[in-house]
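1. heads up, no residue letters with this:
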């Protein structure tokens, strides 16, 4: 990596969101720019996965509260709908697609479980409404923080992609070299 492009911190999120992560981007070798974009892409995938874990738990809590107020059936009856990948609201995504898988899946699950460790969600019907409301607040606040970080990471990805595009457009990079490098580029 070119000096100034590595960022500070040991966690990938800290490196990707460090002020100096993109320093010298215009002068960096193309392989380094691609590496930075790849690092940001992996972080975006992980943040998306964490958000989905949290949103799934929020959906279960919401279904339990609906069951209690009479507007929903039992959790078992509604489980397929709760776990469905249907949009929660109109799509506002950026239309990104990634073939990457989340890294650190187990640590992500443990992290989300620790957020509401004081409320055992394995039997939501045994929890008080206050317990459920507390868990929903904690999870909602974390989901908002993750969403903000994800947007920031996407800006980093966009900056790297724009630099790569500029180089091809301006003739600084050659498409034939990309093809020769193979699909991992």
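-> Sure, I can see it. Model, not experiment: these values are computed from the prediction.
2. Let's see the pLDDT reported for residue 33.
-> What the model reports for residue 33 is a pLDDT of 96.
3. C-terminal to the helix or strand hosting it, what's the next element?
-> In this assignment (DSSP states H and E), residue 33 forms part of helix 30-68. Next along the chain after helix 30-68, taking DSSP H and E as the criterion, comes helix 75-83.
4. How far does the helix or strand that comes right after that next one sit from its chain's centre?
-> Downstream of helix 75-83, the first helix or strand assigned by DSSP H and E is helix 105-115. The chain centroid and the centroid of helix 105-115 are separated by 14 Å under Cα atoms, centre = their mean, to the nearest Å.
5. Not counting stretch 42-60 itself, show me its contacts.
-> 12-13, 16, 75, 82-83, 88, 96, 98, 100-105, 108-109, 111-112, 115-116, 121, 124, 135-136, 139-140, 142-143, 146-147, 149-150, 153-154, 157 (Cβ atoms under 8 Å, 6 or more residues apart in numbering). From N, CA and C alone the C-beta is placed, and that goes for glycine too.
6. Now restrict the residues you listed to buried residues only.
-> 12-13, 16, 82, 108, 112, 115-116, 121, 124, 135-136, 139, 142-143, 146, 149-150, 153-154, 157 (16 or more other Cβ atoms under 10 Å).
7. Can you read off the pLDDT for residue 57?
-> Residue-level confidence at residue 57 comes out at 89, pLDDT.
8. Also residue 141?
-> pLDDT recorded at residue 141 is 96.
9. likewise residue 158?
-> Listed pLDDT for residue 158 reads 97.
10. Also residue 134?
-> The model's pLDDT for residue 134 equals 92.
11. what's the spacing between whichever strand or helix holds it and its chain's center?
-> Following DSSP H and E, one finds residue 134 within helix 129-169. Averaged C-alpha coordinates place helix 129-169 at 6 Å from its chain's average position (Cα atoms, centre = their mean).
12. Show the secondary-structure elements that that helix is packed against.
-> Other helices and strands packing on helix 129-169, by 3 or more Cβ pairs under 8 Å, 6 or more residues apart in numbering; DSSP states H and E, are helix 12-16, helix 30-68, helix 105-115.
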